[in-house]
Each structure stands twice: as structure tokens, then as C-alpha cells.
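Student: let me see the structure of the following:
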Amino acid sequence: MRESRSGPGWGLTLGAILVAAILGIVGGFTLGAATQVAQGPTEYSDGALVAQQDLSYWVWHATILTTIPARVPTAASTAVATPTILPAAGRSYTINAATAGAEAVRWQFSEGTTAPASTELELRLVAGLNGPSSSIRIYLETQAVAPFGALTFFLYWDAGAFPPASLTIETMQVTVLVCTSVGHCP
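Tutor: Okay, here's the model as predicted:
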């Protein structure tokens, strides 16, 4: 003979189980053993903020710590009305007063073949080394004719007279904005 589970005691038990399960899910309750958190050794952390915002035709590829080349590159324009016109071949520029052999941060960018002709770009570069960050804005203008192949450009920031072992990148940020016209940037 088969036993029936339809009596009033079984329904109450099943209802209590369902209510407990729903409360556990909705309320986030769990059953388990208590845990203990104990004080451990002191922890230390190092990190760097590295952020970018670039365009499909002007891309930030890398940033490294290096030195200013013996032949100091030409300075990029910091004046919105007179941007540096990019040449038809890759080139290097400084973004502040630079001294050959000085410790530096070097950004590597590439300009793609889809770059619009004669368009001004505002680059907002933020670099923080061993302390407060510096913010520099430079203005570049794409060529009158789009390049036939991708071009590589390097931007150097002279970091001053830091001993090589003590230089640490704390903050690195690049924002590239397209100006509405030459001389009119956001």
C-alpha cells in the first residue's frame, strides 16, 4: 500500500520550508559557521593611474621612462592658434623645455591613414613622477593630405634631474580632443 503525503502536517512543513527558502534568498541569509578575522602583518601597495582617451586615427601606444635624445627634438606648440603641423613622416617632439640626457617620459602615438586633413588636436598630457602630477597641453595639426601609411610620433617630457633609480610613474593620463577648427579648441 502506498503512503499519502497530502495530509495537513505535510503541507505546513512544505510551506515552512518554502517561506524559509524565499526569506533566505530575498534577505540574503545564509546558514554556516561563523568566521573570524584576525590582524595580519602590515600590507603595502603601489599602483599607478594610467588612463587614456584617444581617437581611432590618433592612438596612444606606449609610455616609457627614458632620457632626452642627444639631438633634442623640436618643441611642440602649446598655443592653440599655432598648432604644430605634423610632417608626412614620423617625428619626435618635446612638450616642455628639454635638456639632452635628462630623465624623461616618452609617449608613443600613431597617426592612421583615416586622419582627417588639416584637423587640430589638443593633447592633454598628465604625468606624475614621485609626487604631484604636471599637466601640459599641446596642439598638433594633421597633414593637409592623409598619410599613406601609419606614422609614429614620440612626445618627450623632460622630468628634470632625477636619479634613475628614484623615478616612479605615479599618474599617467592622455586625453585627445578634436578642435572645431584650427585655433578653436574645447
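Student: can you tell me the closest non-neighbouring residue to residue 180?
Tutor: Here the nearest residue to residue 180 in space, its sequence neighbours aside, is residue 186; by Cβ to Cβ, 6 or more residues apart in numbering that works out to 8.0 Å. Every C-beta, even on glycine, is put in place using the N, C-alpha and C of the backbone.
Student: next, count neighbours for the one you found.
Tutor: 10 (other Cβ atoms under 10 Å).
Student: so who does it touch?
Tutor: 122, 177, 179-180 (Cβ atoms under 8 Å, 6 or more residues apart in numbering).
Student: which ones among those lie within strands?
Tutor: Those of the contacts of residue 186 mapping onto strands are 122, 177, per DSSP state E.
Student: what's the local residue count around residue 74?
Tutor: 11.
Student: torsion angles phi and psi at it?
Tutor: Backbone torsions for residue 74, taken as degrees, to the nearest 10, come to phi -60, psi 150.
Student: quick check: the gap between residue 77 and residue 140.
Tutor: 7 Å (Cβ to Cβ, to the nearest Å).
Student: neighbour count for those two, which is higher?
Tutor: Each of residue 77 and residue 140 has its neighbours counted (other Cβ under 10 Å); residue 140 has more, 23 against 19.
Student: doesn't that one belong to a strand?
Tutor: Yes - counting by DSSP: H, G, I helix; E, B strand; the rest coil, residue 140 is found in a strand.
Student: and for residue 77 and residue 140, which residues touch both?
Tutor: 83-84.
Student: okay if I get the contacts of residue 186 as CSV plus pLDDT?
Tutor: Below are these laid out as CSV (pLDDT from 0 to 100):
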residue, pLDDT
122, 91
177, 85
179, 88
180, 87
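Student: now, of the contacts of residue 186, which are buried?
Tutor: With neighbours counted by 16 or more other Cβ atoms under 10 Å, those contain buried members at 122, 179.
Student: output the contacts of residue 186 in JSON lines; the columns should cover distance to residue 57.
Tutor: Formatted as JSON lines, the contacts of residue 186 follow (distance: Cβ to Cβ, whole Å):
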{"residue": "122", "distance to residue 57": "15"}
{"residue": "177", "distance to residue 57": "13"}
{"residue": "179", "distance to residue 57": "14"}
{"residue": "180", "distance to residue 57": "17"}
